[in-house]
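Asks: A structural model of the following input is requested.
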Amino acid sequence: MKAKRVIVFVLALTLLFTSAYAAEKKQSTKTIYNGIITRRFANSYTNVYEKMDSDSKVIKTMSPGNKIEIVELTPGWVGIKVGSGVGYVLRHRIDVTDNPNPGTVPDYPVTPQEYYVVIDREVEVKADKSADSETLSVLTEGARVSLCGIEDGWAKLIHKREYGYINTNDLAELMPVADDVETADSETPISVFCSFYSNNEDRIVNLARCCELISTVLQPGESMNFNNVVSPFSASNGYRLAPVLKDGETKMGYGGGSCQVSSTLWDTLMQLPGITVLRRNPHGANAASYLPHGMDAASGTNTQNFIFRNDFDFPIRIDASTHDLALFVAIYKEST
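Replies: Below is the predicted model:
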């Protein structure tokens with residue numbers, strides 16, 4: 001009799017897990033956005049891949065304007081319905097059609113950041129949850145990094161247009177982002193985000209200078225005009241010549257790199273309900289490669305700027321910094 005009970009119990013567990021797996025699979029094909037294959041590449045077909053890898057099998061090709069249903073999001077790819085299954089398309093090859101205000105509202109939600117960490121030793125950001133995978137970046141003591149969460153003993157983060165991973169054994173302490181904005185204290189950030197950049201000394205100087213200038217307190221109802229705060233872009237204001245995008249071309253200009261600061265700030269603020277974006281300009285069709293596609297906010301010219309307002313009933317403090325190849329922004333609820 002006891003053996004029969006054990007068998008029944010095992011069968012019940014098997015059915016439970018099978019049902020849960022089936023429910024998860026069903027949920028994974030639920031439409032979360034509607035879109036089209038972009039018309040920006042008018043004479044170009046778009047490949048739909050079997051995996052999130054452009055070297056994987058092409059399971060379908062689609063023409064510009066073809067309607068799609070998006071069921072999965074990653075920093076560089078979307079999963080779309082293909083028959084009864086899912087195929088994968090690079091994010092810059094599609095346009096979301098559900099967004100009524102793509103200028104100030106992102107097509108995709110910013111991935112919430114649950115933790116942040118201050119690096120206290122040299123660590124490697126890996127391309128997968130394996131010590132043998134590709135190293136995306138190397139961070140040293142003092143770098144601050146935001147994390148999406150923890151998976152299988154690895155801290156998960158966004159590294160440009162893909163996920164990156166740090167072994168949690170290499171991290172001294174995971175510090176949480178506040179769960180409740182209203183009851184948060186002034187020591188725990190209410191939002192964080194980080195982005196990674198290339199090793200260009202002059203550009204890094206510009207990033208650090210911008211971070212210094214935007215690290216301030218905004219009172220309730222107060223706005224920040226990014227260009228006004230960080231300008232003038234000149235040597236006398238601490239900037240160096242670095243590559244900057246002007247008129248669709250990369251040229252040298254003082255303050256090159258400021259857009260990465262405004263973009264990372266935008267991604268930080270978009271996680272907060274009490275922020276109103278008054279102006280935001282994307283870089284263009286391919287957006288900025290240092291963030292998930294479509295999550296950038298251009299700045300630095302008369303036609304490109306980022307302006308937002310603090311609509312919370314309390315002051316917020318912006319804390320931005322750079323270290324190694326990581327740009328980190330945190331927002332705090334300031335004490336009154």
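
Asks: strands of the stretch 1-150 of the chain, start to end?
Replies: Residue ranges of the strands in the stretch 1-150 of the chain, as given by DSSP state E, counting those that start in this stretch, are 33-37, 46-49, 58-62, 67-73, 77-82, 85-90, 94-96, 115-118, 123-126, 135-139, 144-147, 149-151.

Asks: which of the ones you listed is buried the deepest?
Replies: When you average the neighbours per residue for each of the strands of the stretch 1-150 of the chain (mean count of other C-beta atoms under 10 Å), strand 144-147 leads with a mean of 26. Glycine gets a C-beta too; all of them are placed from N, C-alpha and C.

Asks: could you name the helices and strands sitting against that one?
Replies: strand 115-118, strand 154-159, strand 191-196, strand 326-333 (3 or more C-beta pairs under 8 Å, 6 or more residues apart in numbering; DSSP states H and E).

Asks: the longest one pairs with which strands, parallel or anti?
Replies: Translated: strand 326-333. Applying DSSP bridges to the sheet, strand 326-333 is found paired with strand 191-196 (antiparallel), strand 316-323 (antiparallel).

Asks: with just CA atoms, put that strand into CSV.
Replies: Provided in CSV are the C-alpha atoms of strand 326-333 (Å, rounded to 0.1, in the frame of the first residue of the first chain):
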residue,chain,number,x,y,z
ALA,A,326,31.0,51.0,-17.0
LEU,A,327,28.8,54.1,-16.7
PHE,A,328,26.5,53.9,-13.7
VAL,A,329,23.5,56.1,-12.8
ALA,A,330,21.4,55.8,-9.6
ILE,A,331,18.4,57.8,-8.5
TYR,A,332,17.7,58.3,-4.8
LYS,A,333,14.8,59.7,-2.8
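
Asks: tell me if I'm right that Ile275 and Asp311 touch.
Replies: Yes - between Ile275 and Asp311 there is a contact under C-beta atoms under 8 Å: 6.6 Å.

Asks: would you mind finding the most buried of the strands paired with strand 326-333?
Replies: strand 191-196 (a mean of 25).

Asks: the inter-axis angle of it versus strand 135-139?
Replies: Relative orientation of strand 191-196 versus strand 135-139 (axes from the mean of the first three to the mean of the last three C-alpha atoms, to 10 degrees): 110 degrees.

Asks: what's opposite Met224 in the beta bridge?
Replies: Beta-bridge pairing for Met224 (DSSP bridges): Phe308.

Asks: Lys251 versus the closest residue to Glu141 other than its chain neighbours, what's the distance?
Replies: Spatial nearest neighbour of Glu141, excluding adjacent residues (C-beta to C-beta, 6 or more residues apart in numbering): Asp120 at 5.5 Å. Asp120 is 39 Å from Lys251, where distance means C-beta to C-beta, to the nearest Å.
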